[in-house]
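need coordinates for the below:
(2 chains)
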Amino acid sequence: EIVMTQSPGTLSLSPGESATLSCRASQSVNHNHLAWYQQKRGQAPRLLIFGASIRSTGTPDRFSGSGSGTDFTLTISRLEPEDFAVFYCQQYGASPTTFGQGTRLEIK
Amino acid sequence: EEQLVESGGGLIRPGGSLRLSCAASGLSVSIYHMSWVRQAPGKGLEWVSVTYTGENTNYADSVKGRFTISRDNSKNTLYLQMSSLRVEDTAMYYCVRNQLLENDCFNLWGQGTMVTVSS
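The predicted structure follows:
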C-alpha cells in the first residue's frame, strides 16, 4: 500500500501568516487523486481539497492545493483563528486508500 | 440537509461482537459507494471498508474476515458488523460517503460512534 508522510508534525503560526503543509507519497499517486481534510477538536474531518488542487464546496479560497506525482502541498494564506486544526492528506489513486499521519496547525 | 448519523458503539470485551449503524437523511445511500473510516484515540485516520453500489465490498487487511459491511437501501442505512474484536479496534468509527469513485475521497462524514474494546 502507498504510505503517506506529512510534514511537519506540528506547525506553530500566528493569525494572518501563511501556512505550508507537505504530504509525500511512497509511490506516485495516480491521476493526482490526493485529498486534504481539516479536523477540528472533537469534530469529524471535513474535505477541503480533492484532485490535489480542487476546492471542495464551501472551502475558502485562502486554502489552495498543489503538487503532483509524490509531492503535494496545502497552502493556507492569511490564517484565520478558525483555521487552526489538524490536517490530513489522503491518496485515493490506489487501493487501499491511505492517509497521512496528520499535521497539527497551532496558534503561536 | 445531507446527514449521516452513526450509532451502536460502546464498550465491548475482546473477542466480542458489535454492530454499528449509520442512518442517512437527505441522501439515498443506494446511489453512492459508502465506507467506514476509523480513528484510534489521538491517532490518524484509517479506512476500514467500502460497499459499492453494485453490492460488492472491500476491506482493509486489518479487519478482513472479522468485519462485514452491508446496507439496507429500504431503511437508507449502512451497517458494520464487527466480530472477534481486538483491543486495537478501539476507535471512533465514522460513516462516510465516497465522492464518486469506488476508491475515492470522502465528501460527507457522520459525527462518529466510539468503540472501546477492553477487558
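
ok, which stretches of chain A are strands?
A:4-7, A:10-13, A:19-25, A:34-39, A:46-50, A:54-55, A:63-68, A:71-76, A:86-91, A:98-99, A:103-107 (DSSP state E).

how about those strands, which one is nearest B:R19?
Of all these, it is strand A:98-99 that lies closest to B:R19, at 25.0 Å by Cβ to Cβ. C-beta coordinates here come from the backbone N, C-alpha and C atoms, glycine included.

show me what from chain A comes close to chain B.
Proximity of chain A to chain B is confined to A:33, A:35, A:37, A:43-47, A:50, A:56, A:88, A:90, A:92-102 under the rule Cβ under 8 Å from any Cβ of the partner chain.

restricted to buried residues, select those in PyMOL.
In PyMOL, this line selects whichever of those come out buried by 16 or more other Cβ atoms under 10 Å in any protein chain shown:
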select buried, chain A and resi 33+35+37+44+45+46+47+50+56+88+90+92+93+94+96+97+98+99+100+101+102
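
residues from chain B in reach of chain A?
B:44-47, B:58, B:60-61, B:94, B:99, B:101, B:103-107, B:109-112.

so for chain B, the centremost residue is which one?
For chain B, the residue nearest the mean C-alpha position is B:W36 (3.0 Å; Cα atoms, centre = their mean).

just want the angle from the helix or strand hosting that one to strand A:34-39.
Taking DSSP states H and E as the criterion, the element that holds B:W36 is strand B:34-39. Counting by axes from the mean of the first three to the mean of the last three Cα atoms, to 10 degrees, strand B:34-39 points 60 degrees away from the direction of strand A:34-39.

next one: strand B:34-39 to chain centre, how far?
In terms of Cα atoms, centre = their mean, to the nearest Å, the centre of strand B:34-39 is found 5 Å from the chain centre.

paired strands for the helix or strand following it, with orientation please.
Next along the chain after strand B:34-39, taking DSSP H and E as the criterion, comes strand B:45-51. Here strand B:45-51 has these sheet partners by DSSP bridges: strand B:34-39 (antiparallel), strand B:57-59 (antiparallel).

most packed of the ones you listed?
Ranked by mean neighbour count, these are led by strand B:34-39 with a mean of 24 (mean count of other Cβ atoms under 10 Å in any protein chain shown).

A:E106: neighbouring residues, count only.
By other Cβ atoms under 10 Å in any protein chain shown, the residues close to A:E106 number 11.

who touches residue 98 in this structure?
No chain in the question, so chain A it is. Counting by Cβ atoms under 8 Å, 6 or more residues apart in numbering or on different chains, A:T98 touches A:E1, A:I2, A:V3, A:M4, A:Q90, A:Q91, B:W47.

let's do chain B instead
Residues in contact with B:N98 (Cβ under 8 Å, 6+ apart) are B:Y32, B:H33, B:M34, B:S35, B:V50, B:D104, B:C105, B:F106, B:N107.
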